[in-house]
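Asks: Quick one, fold the following:
(2 chains)
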Amino acid sequence: MISVKNISKKFGKLQVLKEFNLEFELGNSYALMGPNGSGKTTLIKTILGMVIPDSGDITVASQSIKGDVTYRKQIGYMPQIGHYPSNMKIGQLFSMMKDMRPEIKTYDLDLMEAFGLEEMKEKALGTLSGGTRQKVSAALAFLFNPEILILDEPTAGLDPIAVELFKAKIKKEREKGKLILITSHILSDLEELTNRAVYIYEGEVFFSDTIEELKEITGESKFSPAIARLMEWTLKKKSTNPQLSHV
Amino acid sequence: MFKLLKYALYDILKSRFAIIYTVFLALVAISIYQVSDDLSKVSLSLMNIMILFIPLISAVFATTHFYNNLEFIELMLAQPVKRIHVISSQLLAVIIMLSLSLILGFGLPMILWGADSSLLTLLAVGVILSTVFTGFAFWASVLSRDKAKAIGLSLALWIYFSLVYDGLVLYIIYSFADYPLEKTTLALVMLNPVDLGRILMLMQLDISALMGYTGAFFQQFFSSGSGVSVAIGSLALWILIPTISTARVFNKRDF
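Replies: Got it, this is the predicted structure:
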């Protein structure tokens, strides 16, 4: 569904993505992991067209995203930190977003109801707490029932009840056969919600395969120690483990 | 595009700044109308105030507006809308707001106490200057990631075109006073939108006779059809260059 081909991106002197290649397929749920600053958010923003790569190409549903904007109709994006116009009200934001995609008539209001956003319609977005803002972002990402869901640190800042509601919703969408991409540092969430692991290190794919394969390769029976082992390996000289690259 | 413009306009016209700016301009116009009954004196005084303040206010307001709306812009970029539509709707919304304030603020006193062709030229020049400096301000904003730097750049452009440039022109005229300079000054005027606006205004008034031989040359040039089209053409360029550069930079910018 999404294929990232030879993407390179530099911010000033810092090479964030190096000849990056990755495939995301419909029906799978991907855990995107890596240390801070490894290029996870840049990868996501490149897929969305918010960051423009120096070289390489990305195709969504086998169409190049260069010069195209309609592909974004298939994507629901939940940003790491939601920035919204501060004097706009929650209700206005939702009606504006609906107005932006007039051809979609049926809305997925599950999360809006679960988070009780309907009752907060008149609140200005600038006055919201970090958690409520996350709830708004989450509800917006699911609103149009997109084929692809990209969730950047979705559970950070949410209270435990909201996290459980949100996870149940993600599982429900996963069963419908959607492509879900999650970045997070909370490994238990990732183990629960995804079936494939992608580990990015210094702008390159270090590991990309199923979670079972990850456990087998690292010799660990649990998810968290397996990831910890992977991180240890990245810290050692990477070239000593060339057989690890499952890309 | 129209939807984006609708939301941008709704946001900007609702803001307190639009009202304060209109009231400020209306107060200026009313007080000047009270001082003098002679319409040409009114338009000359209004011009002097306008030429100085309109570019300044446009530059500062447009830069702050861009940075205040960065969140909205980022939100829109993840939606199925073209980048060019996002930036042009923001730009147009600011230009429409500044022009509306000017037309209302200066226009209402004109309806009450009368106007002549020079006052209508004044409004047109005001709208053009607002557009040019909004373009400059947006260009400065998309080039830099820092609000303070962008405001600094916009202000530098304003100081250059409103103050420094005239000093340079005077220096050139005095240094080469022995040579015929009409055509050179004319060319120098075309290179500054503020001066061009001022000259277009002055040509409407009788005082161009006070400017000696150059004034007569200007009068002749700007009363001919080709002269007016050259002036309009260069003003159009002054509008197009910053706006097109803004769009080009914005299309490549990372968020």
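
Asks: Point me to the residue of chain A nearest chain B.
Replies: Residue nearest to chain B within chain A (C-beta to the nearest C-beta): A:H83, separated by 3.7 Å. Quick note: C-beta positions are derived from backbone N, CA and C, even for glycine.

Asks: Tell me, how many residues neighbour residue 31?
Replies: You didn't pick a chain, so chain A it is. The criterion is other C-beta atoms under 10 Å in any protein chain shown. On that basis, A:A31 has 24 neighbouring residues.

Asks: right idea, wrong chain: chain B
Replies: B:S31, neighbours per other C-beta under 10 Å, totals 11.

Asks: right, and the secondary structure at it would be what?
Replies: For B:S31, the assignment made with DSSP: H, G, I helix; E, B strand; the rest coil gives helix.

Asks: roughly how far apart are it and B:L186?
Replies: According to C-beta to C-beta, to the nearest Å, B:S31 and B:L186 sit 35 Å apart.

Asks: And A:M96, by the same measure?
Replies: According to C-beta to C-beta, A:M96 and B:L186 sit 49 Å apart.

Asks: low-scoring stretches of the chain, by residue?
Replies: Answering for chain A, as no chain was given. Filtered on pLDDT under 70, chain A yields the residue ranges A:237-247.

Asks: that's the wrong chain, I meant chain B
Replies: Across chain B (using pLDDT under 70), the flagged ranges come out as B:206-211.

Asks: following the longest helix anywhere in chain A, which helix or strand comes up?
Replies: For chain A, the helix with the greatest residue count under DSSP state H is helix A:160-175. Elements were assigned by DSSP states H and E; along the chain past helix A:160-175, the next helix or strand is strand A:179-183.

Asks: That next one packs against which elements?
Replies: For strand A:179-183, the elements it packs on are strand A:29-33, helix A:40-48, strand A:148-152, helix A:160-175, helix A:187-193, judged by 3 or more C-beta pairs under 8 Å, 6 or more residues apart in numbering or on different chains; DSSP states H and E.

Asks: Sort out which residues of that strand are buried, please.
Replies: Of the residues in strand A:179-183, those buried by neighbour count under the rule 16 or more other C-beta atoms under 10 Å in any protein chain shown are A:179-183.

Asks: Looks like B:I84 contacts B:K252 (just checking).
Replies: No - counting by C-beta atoms under 8 Å, B:I84 does not reach B:K252; the two are 11.8 Å apart.

Asks: Quick check on the two: which one has the bigger neighbour count.
Replies: Each of B:I84 and B:K252 had its neighbours counted (other C-beta under 10 Å), and the higher figure belongs to B:I84 (13 against 9).

Asks: Within the helices and strands, which one has the more buried one?
Replies: Secondary-structure element containing B:I84, defined by DSSP H and E: helix B:83-113.

Asks: how about that helix: buried residues?
Replies: With burial defined by 16+ other C-beta under 10 Å, the residues of helix B:83-113 counted as buried are B:83, B:85-103, B:105-107, B:109-110.

Asks: ok now it, how far from the chain's centre?
Replies: Shown here is helix B:83-113, whose average C-alpha point lies 11 Å from the average C-alpha point of the whole chain (C-alpha atoms, centre = their mean, to the nearest Å).

Asks: Check which element follows it along the chain.
Replies: Sequence order places helix B:117-143 as the next helix or strand after helix B:83-113, per DSSP H and E.

Asks: Sort out which residues of that next one are buried, please.
Replies: Buried positions in helix B:117-143, judged by neighbour count with 16+ other C-beta under 10 Å: B:118-119, B:121-123, B:125-142.

Asks: which strands and helices sit next to it?
Replies: Using 3+ C-beta pairs under 8 Å, 6+ apart as the contact criterion, the elements in contact with helix B:117-143 are helix B:39-68, helix B:83-113, helix B:147-159, helix B:193-204, helix B:225-252.

Asks: Can you say which of those helices is packed in most?
Replies: Among these, helix B:193-204 has the highest mean neighbour count (mean count of other C-beta atoms under 10 Å in any protein chain shown), at a mean of 22.

Asks: okay, the angle between the helix or strand that comes right after that one and helix B:193-204?
Replies: Taking DSSP H and E as the definition, the helix or strand that follows helix B:193-204 towards the C-terminus is helix B:212-223. Using axes from the mean of the first three to the mean of the last three C-alpha atoms, to 10 degrees, the inter-axis angle of helix B:212-223 relative to helix B:193-204 is 90 degrees.

Asks: Report the buried residues of helix B:212-223.
Replies: When burial is assessed from 16+ other C-beta under 10 Å, helix B:212-223 yields the following buried residues: B:215, B:217-219, B:221-222.

Asks: List the contacts of B:L205.
Replies: B:40, B:43-44, B:118 (C-beta atoms under 8 Å, 6 or more residues apart in numbering or on different chains).

Asks: Is the residue in chain B that chain A sits nearest to inside a helix or a strand, and which specific one?
Replies: In chain B, the residue that lies nearest chain A is B:E71 (3.7 Å; C-beta to the nearest C-beta). Counting by DSSP H and E, the element that carries B:E71 is helix B:70-77.

Asks: How far away from the center of its chain is that helix?
Replies: The gap between the average C-alpha position of helix B:70-77 and the chain average comes to 26 Å, counting by C-alpha atoms, centre = their mean.

Asks: what packs against it?
Replies: Under the contact criterion of 3+ C-beta pairs under 8 Å, 6+ apart, helix B:70-77 touches helix B:2-13, helix B:83-113.

Asks: Including distance to chain A, could these go into a markdown table?
Replies: Compiled in a markdown table, those are given as follows (distance: least, C-beta to the nearest C-beta, whole Å):
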| stretch | distance to chain A |
| --- | --- |
| helix B:2-13 | 6 |
| helix B:83-113 | 8 |
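
Asks: So for B:T63, which of these sits nearest?
Replies: Evaluated with C-beta to C-beta, the helices and strands packed on helix B:70-77 place helix B:83-113 nearest to B:T63, the distance being 9.9 Å.
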